[in-house]
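1. I'd like to go over a predicted model; first the sequence, then the structure.
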Amino acid sequence: MRRDETSAAILAGGRARRFDGRDKSRLVVDGASIIVRQLAVLQPVAHEVFIVASDASRFADLSVPVRADVVPGAGALGGILTAIETAQAPFVLVVACDLPFLVPPLLSLVVDRAAGADGAWIRSVRGVEPLIACYAKTAAPEVRRAVEAGNLKAANLAEVLRMNEVSEQEVTLFGNPTRLLANVNTPDDYRRIQYPVS
């Protein structure tokens with residue numbers, strides 16, 4: 001899939017309850033904040049990159065468009081819906097703002113795998129990864145129906161969308177899946193990625 005057919009959205013509207021409400025996107029990993037790292041990784045993959053968050057002022061220093069949720073209070077699934085409905089391109093790559101180690105070749109594979117379906121996501125030991133995924137614009141009506149029905153668990157999109165998958169074995173082509181897919185939900189997670197056990 002060509003870069004000009006792909007938008008990318010960083011979902012940064014969560015409340016980070018397990019991280020004392022801190023802005024996880026601004027946590028520094030290897031000398032740069034997670035969101036700055038993500039912007040650098042997404043630029044080669046997508047011609048349009050934007051942030052989904054309710055408070056645009058938090059990201060004024062980044063010179064990146066910020067779009068508020070089209071359905072407020074709908075959690076991560078609401079963020080996915082906003083990304084799909086407001087993206088310019090026919091496909092939108094969606095990533096959570098707490099994933100510091102994503103790399104362009106892996107994300108390009110996820111985008112390529114979305115062709116001919118409603119989208120694609122990685123399947124890891126945790127299960128499907130709806131926040132490391134690429135969705136087709138044509139999937140928007142089904143996602144909106146799920147949001148409006150209150151079915152807000154993002155992984156449940158598997159019940160209404162035809163999603164292709166990137167296996168964890170394929171992820172190993174680009175590095176250690178435990179590191180590549182690591183996310184920062186808690187202070188312990190943050191310490192773990194800062195000081196990994198060798």
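-> It's in.
2. what's the average pLDDT for the helix of greatest length in the chain?
-> As assigned by DSSP state H, the longest helix anywhere in the chain is helix 75-86. pLDDT averaged over helix 75-86 equals 97, rounded to a whole number.
3. Next: stretch 90-110.
-> In this model, stretch 90-110 has a mean pLDDT of 97.
4. cool, stretch 114-134 as well?
-> Averaged over stretch 114-134, pLDDT sits at 97.
5. for stretch 21-30, same thing?
-> Stretch 21-30 comes out with an average pLDDT of 89.
6. got the buried residues for that stretch?
-> The neighbour-count check on stretch 21-30 (16 or more other C-beta atoms under 10 Å) flags 23-25, 27, 29 as buried. Using the backbone N, CA and C atoms, a C-beta is placed for each residue, glycine as well.
7. now do stretch 70-87
-> Using 16+ other C-beta under 10 Å as the test for burial, stretch 70-87 gives 70-71, 74-87.
8. Ok, stretch 52-67 next?
-> Across stretch 52-67, burial judged by 16+ other C-beta under 10 Å covers 52-53, 58-59, 62, 64, 66-67.
9. ok, which stretches of the protein are strands?
-> With strands called from DSSP state E, the chain shows them at 6-11, 28-29, 32-33, 48-52, 66-67, 91-96, 119-124, 127-136, 163-167.
10. that older thread, any chance of a markdown table for the buried residues of stretch 52-67, columns pLDDT?
-> Converted to a markdown table, the buried residues of stretch 52-67 look like this (pLDDT from 0 to 100):
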| residue | pLDDT |
| --- | --- |
| 52 | 97 |
| 53 | 95 |
| 58 | 92 |
| 59 | 95 |
| 62 | 96 |
| 64 | 97 |
| 66 | 97 |
| 67 | 97 |
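11. Which of the residues you listed sits closest to residue 172?
-> Minimum separation from residue 172 among the buried residues of stretch 52-67 (C-beta to C-beta) is found for residue 52, which lies at 29.6 Å.
12. OK, contacts around that closest one?
-> When contacts are counted by C-beta atoms under 8 Å, 6 or more residues apart in numbering, residue 52 is found next to 9-13, 66-69, 79, 82-83.
13. and what of residue 177?
-> With contact taken as C-beta under 8 Å, 6+ apart, residue 177 is in contact with 124-125, 168, 171.
14. Tell me the one of those nearest residue 190?
-> Out of the contacts of residue 177, the one with the shortest distance to residue 190 is residue 124. That distance is 19.6 Å, counting by C-beta to C-beta.
15. ok, the closest one touching residue 168?
-> Yes - between residue 124 and residue 168 there is a contact at 5.0 Å, judged by C-beta atoms under 8 Å.
16. Wait, residue 69 touches residue 80, no?
-> No - using C-beta under 8 Å, residue 69 is not in contact with residue 80, being 10.2 Å away.
17. Based on its surroundings, how many neighbours for the closest residue to residue 166 other than its chain neighbours?
-> Among residues not flanking residue 166 along the chain, residue 122 sits closest, at 4.8 Å (C-beta to C-beta, 6 or more residues apart in numbering). Look at residue 122: counted by other C-beta atoms under 10 Å, it has 26 neighbours.
18. One more: residue 135?
-> Look at residue 135: counted by other C-beta under 10 Å, it has 29 neighbours.
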